[in-house]
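[1] the following comprises the amino acid sequence and a computationally predicted model.
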Amino acid sequence: MIKKKGFKAASLLMLCGLMIALSACGSTKKNNVDKASTSPSVAASETPAPSESAPVKIINVEFYGKIVEFSSTDAMMAEVKDELKDKYKINDIQVDWGNLEKVVKTGIASGTPADVYQFWPQAMKTFVDNGQALDLTPYLEADGGKWKDSFNQTLLDIGKYDGKYYNVPLASNFSLMIVNKDLFEKAGLTVSDTWSWDQFMAANQALKDKAGTPFGFASHGNPDWLFRNGIMSLAKDQNKLEDLAAGKIAGNDPIYGTTLDNIKKLYDSQLWYPGKGALTATMDENKSAFLQGKVGIIGWVASDTAAFLKSAQEKGINAVVVGWPTMGSSDVILGGADGLFIPANAPHPEAAVEVLKTYLGDKVQAINAAAGYPTGNKNAVIEDPNIKKVVGLAAAIFPHELEQLSPKLTDYVEKQILANYVLGGSSLKDVASDLDKLIKEATAAK
Amino acid sequence: MKAGSKSKLNRTTTITGIAFLIPAVVMITFAIFIPTIWNFILSFQHWDGGSNRSWVGLDNYKEVFADKTAIISIKHSVYLSVTSTFVAVIVGVVLAVLIYRLGRKEGMVYRLILFIPSMMPLAIIGVLFTFIYNPEMGLLNQFLKLIGADSLATAWLEDKNTVLNAVVFVGIWRIAGLAMMLCFAAMQGIPISLLESSRLDGAGYFKQITQIIIPLIKPIVLLSFIFTLVMQFKTYDLVFVLTKGGPGNFSKTVPLHMIDTAFSFGEYGQSAAMGFLFAIIVTFFILLTNRLLRGESYEY
Amino acid sequence: MSTSRNRNTSRGINLSRIITLAFVLTTVYPILFVLLTSLKSTDEFYTNVWSYPHHFQWNNYSKALFDAHIGVYFTTSLIIVGISVICILILGALAGYALARLHVPYRNLILFLLLSTTFLPSETVIMPLYIMMSRMKLVGTYLSLIIPYIGWALPITIVIIQRFFVSLPNELIESARMDGCTETQTFRKVMAPLMLPALATCAIFSFVSLWGELLWASIALSMSKVRTIPFGILNFQSQFQTDWGPMAAAIALILIPLMIFFLFTQKYFVQGLTGGAVKG
């Protein structure tokens, strides 16, 4: 008994010791990560800041906008931190795209959000409606609109709701296609910047028949882009783009039906990588299919074009940027941008504005443009001809879409409609009634 | 005199008991009770995640019943949990019985390997199985091609008819090892003499299993059932990493739909209402399992 | 007669072995896949997903350990889950004992409440919990995970331990009380040593359910650089590309210590369960 007691006491003691040791070691480890994840120059510039007894109090700015996928991020953040080091200590936090909505909404609801959040300007409606986003118009228009003038107007307008700006664009982010020029030539096809849906379908077939690729096309991992671009192109032919976005086109309109049928034909043709599974293929799988020459066409996202072309080049693939095929006769694409906003209850709104101004300013965005990203800042010089083309394509962006009417419509258009129609055997009538119901709900809420 | 000392003893034990209980109660109150009460109130309110909050009575509950996706999600959740629990525990029992027969060292190696899936974070399991199920290069389809059953190959996580079962299979794969460990451990407590004497009576291993082993480990089998059932009902990560509930709603479960309803659609009240309705369903199934499997000696 | 029975038995054993091996294979293969992938470049991974690696990429491991900080995530997870499990066991043991052996009023009601909380989906509590945590300025710290983890795993632990104490013969406590032990002494001297097996079971249960927890971790830690393993591993899957080689290396690095740990503790775990932990 005594022996046991001794053992117990000893083990308890050890446990406590272990706990203390572990937590201590944990906190040092944590610091290591902080340092490791920022570049050395930043770490160096940070160190003197707190120890100085400067008269200005250094404000901590929580910046939820570090996009690790951009190769330019580290350099940009370092530059921002360096420029503002006398006033702010910027904590740049990596954007967790999969949880972004939850992160932003819990943050705002808790009352202690970050000062700046990454969020898509085209998806700001809920925040604007609930008064959760700071109106940036006064800052943009100050000094005779100096800040406003530094932006590409089309991109800036995406974040405009009822005449006020709530989100400022970092880079344009829209759908385009990239084709394998060598395979196209082998299949006897010519590459042109714009093409119709029929030409696109014919190209798929020709790639398989003549160039010998197992498939024609791989999507980006967002097959809903086919639908969204399709309905917009068809609506523009009838001059109904605004009506479409306002939910004034009924669910049984052929605009939806034609688009869905086109996509179903593509799916059933087995030319869409990898045949069965095309609607759920991930971005990685699609990308590797293109890089391995299994397909000759891939849908991609503007902001990652430079990086994509680079990996194609490494593989010896001659890849070229082209526009999205149009189901109607009109050239229009869904669009958007990657942007940032300041929550209405941000702890340091003024500081946040200044950080944004620096981050999106000419100097920092020059770094971004040099790395091949189509910046929202219009003064940043873009040299790469492919990226210039990307910037040119952005002219066809129409930023207002049906799916922006309500979050439920977004979910339905992005995740349900194709699955239901192409895989689930829903009829056009079912789709029409679903759409009508959701549109009615969304417009009634207004 | 005697009675007085007894009541005094009772009082001291009661005080000690409450003292022992308090730390746990504080933690549970903080992590579960307060948020739950918060949510219960919320389920009768409309809240958009901002400053607007208003009472709406039973509207949220009505909306859950009117929500097609919610109903589908409930069906999926029930199917997924019940099937995967049932199969996983049976596989676990079978494995335990099989391993019980093998040598000590050998059995230990098998047990170790079979328990690995239970230790793997689900995020990892999800990644692993997306490759097994991959339509083009996935192990499953390649295997089917190898044995000449090409026609059976499909996009497992896209096909409406297979996606839910594909998720169920991963659920089984993950948890069967745990059930096996529990049952195996319980079997260690069976006196060898009991098995020896039955063997002398001419009983084969199969007969021993059905007549001695299973009845004796029944309590632990029930515990495995209940533990697994609760775990599978609440699973968010498993479905999230495999399919995110898609394509469409084909594999959507209640926890996923609750998250969507709250965070994407901004209807926190409705999400809370769904949570409570779901808890009632889970409770029903737990009670049902308990009733069906209850042994004379054991009560959960 | 006897020989034929022996032959039957050995045939039966072989059959058992074959079926078990088939199951073992389904578990081993994916793990083998992880190990093979961990030595491939992402390029090679896509060209031959299931084959043996041609060029061994050992630097995937250094990438996972140093560039992706998987070692740090592992330590973080270990600290968070470790502290949680220890607290769960201590608090659970005290509460379970109290509910089983000490005259706590309304104990059936308390047990019922505890059980019913385990049926609630934890997704419901995310929003209120986050708001509470943020008011207490705990968001992003280790405590923001440890506190809820303890609270979530406690009810089932208490119920298991309570069952265990109920199953113990009453004489043990009575005789300890006769010897003049106070309640705390009785618990410490008589009960605690007996319950180690039950604790082992509860430790495994709570470990298994907390080790892979992703949803709350990704919300509570969103504004911080602290990452647990399940959350950290998702870093390899970025917006545009997944680095399969280093990711598999990271998975291998996580699994190997776990397997070794379990190899050594398995004996105690089995003993724990057989010691009457959950026999009721």
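    Looks like it arrived, so ask away.
[2] can you tell me the SS state at whatever residue of the stretch 201-300 of chain B ends up closest to chain A?
    Among the residues of the stretch 201-300 of chain B, B:G248 lies nearest to chain A; the distance is 3.0 Å by Cβ to the nearest Cβ. C-beta: built from backbone N, CA, C; applies to glycine. Put simply, B:G248 is coil when judged by DSSP: H, G, I helix; E, B strand; the rest coil.
[3] OK, contacts around it?
    By Cβ atoms under 8 Å, 6 or more residues apart in numbering or on different chains, the residues touching B:G248 are A:K415, A:Q416, A:L418, A:A419, A:N420, A:L423, A:G424.
[4] pop the domain breakdown of the chain in here.
    This is for chain A. For chain A, automatic domain parsing gives the domain ranges A:40-173+A:337-388, A:175-334+A:406-445.
[5] wrong one, chain C
    Annotated domains of chain C cover C:2-37, C:62-277 [automatic domain parsing].
[6] and for whatever residue of the stretch 51-200 of chain C ends up closest to chain B, the neighbour number?
    Minimum separation of the stretch 51-200 of chain C from chain B (Cβ to the nearest Cβ) falls at C:G151, amounting to 2.3 Å. With neighbours defined by other Cβ atoms under 10 Å in any protein chain shown, the count for C:G151 comes to 27.
[7] which SS state does B:K8 fall under?
    Strictly by three-state DSSP, B:K8 counts as helix.
[8] so who does whichever residue of the stretch 201-300 of chain B sits closest to chain C touch?
    Going by Cβ to the nearest Cβ, chain C is nearest to B:G275 of the stretch 201-300 of chain B, at 3.7 Å. Counting by Cβ under 8 Å, 6+ apart, B:G275 makes contact with B:N39, B:S43, B:M258, C:L120, C:P121, C:E123, C:T124.
[9] what helix or strand is it on?
    Following DSSP states H and E, one finds B:G275 within helix B:268-293.
[10] what separation is there between the residue of the stretch 201-300 of chain B closest to chain A and B:F115?
    35 Å (Cβ to Cβ, to the nearest Å).
[11] the residue nearest the centre of chain A pairs with what?
    In chain A, the residue lying closest to the centroid (Cα atoms, centre = their mean) is A:D338, at 5.3 Å. With DSSP bridges applied, A:D338 shows beta-bridge pairing to A:A171.
[12] right, and it touches A:V301 too?
    No. With contact defined as Cβ atoms under 8 Å, A:D338 and A:V301 do not form a contacting pair (9.8 Å).
[13] and for the two, which residues touch both?
    By Cβ under 8 Å, 6+ apart, the residues touching both A:D338 and A:V301 are A:N173.
[14] which intervals of chain C have sub-threshold pLDDT?
    C:1-9, C:237-241, C:265-280 (pLDDT under 70).
[15] strands of that one, start to end?
    Remark: strands of chain C are absent; assignment by DSSP state E.
[16] ok, which residues in it are in contact with chain A?
    Contact residues (Cβ under 8 Å from any Cβ of the partner chain) of chain C with chain A: C:46-47, C:69, C:72, C:75-76, C:78-79, C:82-83, C:86, C:126-127, C:130-131, C:133-135, C:139, C:142, C:188-189, C:192-193, C:218-219, C:222-227, C:234-235, C:237-242.
[17] give me the buried subset of the residues you listed.
    Burial by neighbour count, judged by 16 or more other Cβ atoms under 10 Å in any protein chain shown, picks out C:46, C:69, C:72, C:75-76, C:78-79, C:82-83, C:86, C:126-127, C:130-131, C:133-134, C:139, C:142, C:189, C:192, C:218-219, C:222-227, C:234-235, C:237-242 from the residues of chain C next to chain A.
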